[in-house]
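Peer 1: Below are the sequence and a predicted model for it; my questions follow.
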Amino acid sequence: KMNVAIACYGDGAANQGQIWESANMASLWKLPMIFCIENNHYGMGTSIDRHSSHSDYYKMGNHIPGIRIDGMNVLAVKEGMRFVKEFCGSGNGPMYVEMMTYRYHGHSMSDPGTTYRNREEIALTRSTRDPLEFVKNTMIDAGFAEADEIKSIEKKIRKEVQAETKKAKEFDDVQLKDMLDFVYANSMESRDQEVPDFIRMPDYEKSFWKS
Amino acid sequence: IFQFILHSEASSIIMNALRILNNINKASKARFQCGSRFLSSQTSLEQHNNFHYDEQSHNGAFESSPPEPNMTSLQLQSKSSMNLVASIKNTLSHILEHDPSAIVFGQDVAFGGVFRCTTDLQSLYGKDRVFNTPLNETGIVGMAIGYAAPSSGSDGGLAIAEIQFADYIFPAFDQIKNEASMFRYRSGNQWNCGNMIIRMPYGAVGHGGHYHSQSPEAFLTHIPGIVVLIPRGPVMAKGMILSAAKSKDPVIILEPKALYRAKVEDVPDEEYYIPIGKAEVMKKGHDVTVVGWGRQLTILEKACDMAQSEHGISCELIDLRSLSPWDADTVENSVRKTGKLIVSHEAPITCGFGAEVVASIQERCFLSLEAPIKRVCGYDTPFPLVFEKEYLPSEWKNLEAIKHVMDYSK
């Protein structure tokens, strides 16, 4: 049984040339490789019907087999990936895995997420398909946990996140010279020509002058 | 072990899967345990010379660059006369022999490649280590990145990718710029893909036309995070490929295809390393500094000889050897002495690498200049077919430039 490599990309990237190229090579040489499409139905602001002529992504491998998994259901993901890993790790070559999922917020901070879809869709998905709700409800229904237990876990997590955020905000500022680190293996900061004489900031007082 | 790789670019981790398939993990771990990728009897040009290349020495205003080790004075035991193709092939064979993680791949490398640089390598080292890829530059470079990058459970292996002609590097440019060059930087040194070399034949060959003659070094040198080397012959090629194999940064080597068979030199049989980022003063002089790289140096040598014999002009000829990073100190020291500079390359003049040399030198030693710096380069056209002879920066164009700066400075 071989180790398996997995590459994850979105529905937007699924039509990139480099993916077809790697799929060709993976299939040609029967590499233990999983092509995992995280299909949240929007390539930033364009829905799959408007950016992909073929939106059954798990079929995109042509002769490469593929399966579609409900990405909002953790048990389905677990069992599905178990099967895929078994298949790919046995020398059968690559597989395409399409995870059906969703994105509530916008693609980035600049994207409100509502200019290309309606709020009802977001609210409906949140209420019926939310993965965390699914886990909570399943656990309570099956008697694995009480509602109070789950609430206290959530409280603990929230406190932990707040503490970490506070700690992160109190970190020292990065040094300007760190900008030049790791461009190369042996950072070139010691070579004079690599360090600018000054870095001018919008706030003049914060400008950096080489002493 | 289920390896979960956090990169979203499938093509760049595909070689990780291949490496798992080949079970190279054990071999590469053994390589790191013995400390050196090559035999312990390796020699280095640096060891034979007191001068330390790590030091930036400013010897004073009128000294030329630090003395380059004289090849004939070194106690290297034996040398073999060979052309550039043979030198490259022998070096690759040496690397494959001593580094079990090394692989060589690209279009048609199995039968030896269109220039025969990889002849017999597959029969010597096996199909798992020397193999053909489909016609996928993005895939080829992406594979090199994925193979070179260490991941959980295994060290990166040495990936030597061949792009059949430098003209075809452009589909792979995103992989070079947005993946390879930024791998270390974007992960804060957590990851890197320094264990990769991309080789490609570049430059005019007499009949190459638009797509078999290009010199894309300017595009590549504009990328921080990679190393760009250009050998001028068999001796330089071996030392550079060996340095590239040792380098912890991704290296691109542009091989002058016009010299593949034409340039024959005595190549030392032992290992030696040409230092990255160091130029070489090929010929000392005091009237004008002439800078070039790769194939252009054979042209410039002729121009300098003509300048000497016909006009008594003493030219100092410098081979940059390494374009990224490039040795501005050596050129500056030379210009401080001569006061005049000519830079020559086949690539189109606008925004060619010559422009970088000119801009840096005028900034460093403006007051030493006695004449404007002249660039003798290709014209701003696609590389032509019928007009190749007129297009190229010939020895006569360079001689004219040398005479021009001499006259200007009188």
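Peer 2: Cool, got the structure. Residues are numbered from 1 along each chain as shown, chains lettered A, B, ... in the order given.
Peer 1: hey, let's count contacts and neighbours off CA atoms from now on
Peer 2: Will do.
Peer 1: quick one: terminal-to-terminal distance for stretch B:257-264?
Peer 2: Separation of the first and last residues of stretch B:257-264 by Cα to Cα, to the nearest Å is 13 Å.
Peer 1: pLDDT (mean, whole number) over that stretch?
Peer 2: Mean pLDDT, computed over stretch B:257-264, is 97.
Peer 1: Stretch A:157-164 too?
Peer 2: 97.
Peer 1: Give me the pLDDT for residue B:153.
Peer 2: Per-residue pLDDT puts residue B:153 at 64.
Peer 1: again with residue B:223
Peer 2: Residue-level confidence at residue B:223 comes out at 96, pLDDT.
Peer 1: Doesn't it lie inside a strand?
Peer 2: No. Using DSSP: H, G, I helix; E, B strand; the rest coil, the assignment for residue B:223 is coil, not a strand.
Peer 1: Look up phi and psi at it.
Peer 2: Main-chain dihedrals, residue B:223, degrees, to the nearest 10: phi -100, psi 110.
Peer 1: Tell me how far it lies from residue B:251.
Peer 2: Residue B:223 is 12 Å from residue B:251, where distance means Cα to Cα.
Peer 1: Which one's more surrounded, those two?
Peer 2: Set side by side, residue B:223 and residue B:251 show more neighbours around residue B:251, with 29 against 16, by other Cα atoms under 10 Å in any protein chain shown.
Peer 1: ranges for the strands of chain A?
Peer 2: Counting by DSSP state E, chain A has strands at residues A:4-10, A:33-39, A:42-43, A:46-47, A:66-70, A:95-100, A:198-199, A:208-209.
Peer 1: Which strands or helices does the third one pack on?
Peer 2: It stands for strand A:42-43. For strand A:42-43, not one helix or strand is in contact under the criterion 3 or more Cα pairs under 8 Å, 6 or more residues apart in numbering or on different chains; DSSP states H and E.
Peer 1: So in that sheet, which strands flank that strand, and in what orientation?
Peer 2: Using DSSP bridges, strand A:42-43 pairs in its sheet with strand A:46-47 (antiparallel).
Peer 1: swap in the last one?
Peer 2: Strand A:208-209 pairs in its sheet with strand A:198-199 (antiparallel), by DSSP bridges.
Peer 1: Next: the second one.
Peer 2: Strands adjacent to strand A:33-39 in the sheet, as given by DSSP bridges, are strand A:4-10 (parallel), strand A:95-100 (parallel).
Peer 1: and the angle for that strand with strand A:66-70?
Peer 2: Angle between the axes of strand A:33-39 and strand A:66-70 is 40 degrees (criterion: axes from the mean of the first three to the mean of the last three Cα atoms, to 10 degrees).
Peer 1: re the thing from before, TSV please, covering the strands of chain A and showing mean pLDDT, mean neighbour count and distance to residue A:153.
Peer 2: Formatted as TSV, the strands of chain A follow (pLDDT from 0 to 100; neighbours: other Cα atoms under 10 Å in any protein chain shown; distance: least, Cα to Cα, whole Å):
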stretch	mean pLDDT	mean neighbour count	distance to residue A:153
strand A:4-10	95	23	30
strand A:33-39	96	26	28
strand A:42-43	89	20	32
strand A:46-47	90	15	36
strand A:66-70	97	19	26
strand A:95-100	97	25	27
strand A:198-199	76	12	47
strand A:208-209	76	12	46
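Peer 1: Make CSV out of those and add distance to residue B:315.
Peer 2: Formatted as CSV, the strands of chain A follow (distance: least, Cα to Cα, whole Å):
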stretch, distance to residue B:315
strand A:4-10, 55
strand A:33-39, 57
strand A:42-43, 59
strand A:46-47, 62
strand A:66-70, 66
strand A:95-100, 62
strand A:198-199, 37
strand A:208-209, 40
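Peer 1: List the beta-bridge partners for residue 198.
Peer 2: Answering for chain A, as no chain was given. On the basis of DSSP bridges, residue A:198 is bridged to residue A:209.
Peer 1: Let me rephrase: I mean chain B.
Peer 2: Note on residue B:198: beta-bridge partners residue B:161, residue B:252, judged by DSSP bridges.
Peer 1: Count the neighbours of it for me.
Peer 2: Look at residue B:198: counted by other Cα under 10 Å, it has 24 neighbours.
Peer 1: try residue B:331
Peer 2: By other Cα under 10 Å, 28 other residues sit near residue B:331.
Peer 1: separation between it and residue B:317?
Peer 2: 10 Å.
Peer 1: okay, and the common contacts of those two?
Peer 2: B:289, B:291 (Cα atoms under 8 Å, 6 or more residues apart in numbering or on different chains).
Peer 1: next one: the lengthiest helix in chain A to chain centre, how far?
Peer 2: In chain A, assigned by DSSP state H, the helix with the most residues is helix A:147-169. Distance, stretch centre to chain centre, for helix A:147-169: 22 Å (Cα atoms, centre = their mean, to the nearest Å).
Peer 1: what's that helix in contact with?
Peer 2: With contact meaning Cα under 8 Å, 6+ apart, helix A:147-169 is reached by A:136, A:140.
Peer 1: How about stretch B:354-369?
Peer 2: Residues outside stretch B:354-369 that contact it (Cα under 8 Å, 6+ apart): B:328, B:331-332, B:335-337, B:339-340, B:343-345, B:349, B:373, B:375.
Peer 1: Check those residues and tell me the two furthest apart.
Peer 2: Farthest pair in those (Cα to Cα) is B:337 and B:349. Separation: 25.8 Å.
Peer 1: The two: which has the busier surroundings?
Peer 2: Taking neighbours as other Cα under 10 Å, residue B:337 and residue B:349 compare with residue B:337 leading, 21 against 18.
Peer 1: Hmm, that one is touching residue B:285, no?
Peer 2: No. Between residue B:337 and residue B:285 there is no contact under Cα atoms under 8 Å: 9.2 Å.
Peer 1: What segments of the chain are helices?
Peer 2: All of this is about chain A. For chain A, the helices defined by DSSP H cover A:17-28, A:48-51, A:74-87, A:119-128, A:131-141, A:147-169.
Peer 1: Correction: the question concerned chain B.
Peer 2: B:10-22, B:24-33, B:84-98, B:121-125, B:137-148, B:173-174, B:183-186, B:217-221, B:234-246, B:296-311, B:328-338, B:353-365, B:388-391, B:395-409.
Peer 1: Compare those helices and say which comes out lowest on pLDDT.
Peer 2: Across those, the stretch with the lowest average pLDDT is helix B:24-33; it has a mean of 36.
Peer 1: Nearest residue to residue B:322 in space, ignoring adjacent ones along the chain?
Peer 2: Nearest non-adjacent residue to residue B:322, counting by Cα to Cα, 6 or more residues apart in numbering or on different chains: residue B:229, 4.5 Å away.
Peer 1: Tell me the bridge partners for the one you found.
Peer 2: Under the criterion used here (DSSP bridges), residue B:229 is bridged to residue B:253, residue B:322.
Peer 1: So it is in contact with residue B:324, correct?
Peer 2: Yes. Checked against Cα under 8 Å, the pair residue B:229 and residue B:324 is within contact range at 7.1 Å.
Peer 1: Between these two, which is the more surrounded one?
Peer 2: Neighbour tally, residue B:229 and residue B:324, criterion other Cα under 10 Å: the higher count belongs to residue B:229, 30 against 25.
Peer 1: quick one, what contacts the residue lying closest to residue B:316 once chain neighbours are set aside?
Peer 2: Leaving aside its sequence neighbours, residue B:316 sits nearest to residue B:285 (Cα to Cα, 6+ apart; 4.0 Å). Listed by Cα under 8 Å, 6+ apart, the contact partners of residue B:285 are B:314, B:315, B:316, B:317.
Peer 1: ok, 6 Å please
Peer 2: With contacts defined as Cα atoms under 6 Å, 6 or more residues apart in numbering or on different chains, the neighbours of residue B:285 are B:314, B:315, B:316.
Peer 1: ok, so of those, who is nearest residue A:30?
Peer 2: The shortest approach to residue A:30 among the contacts of residue B:285 belongs to residue B:316, at 55.7 Å (Cα to Cα).
Peer 1: List the beta-bridge partners for the closest one.
Peer 2: With DSSP bridges as the rule, residue B:316 is bridged to residue B:289.
Peer 1: For chain A, state which of the contacts of residue B:285 is nearest.
Peer 2: residue B:316 (24.2 Å; Cα to the nearest Cα).
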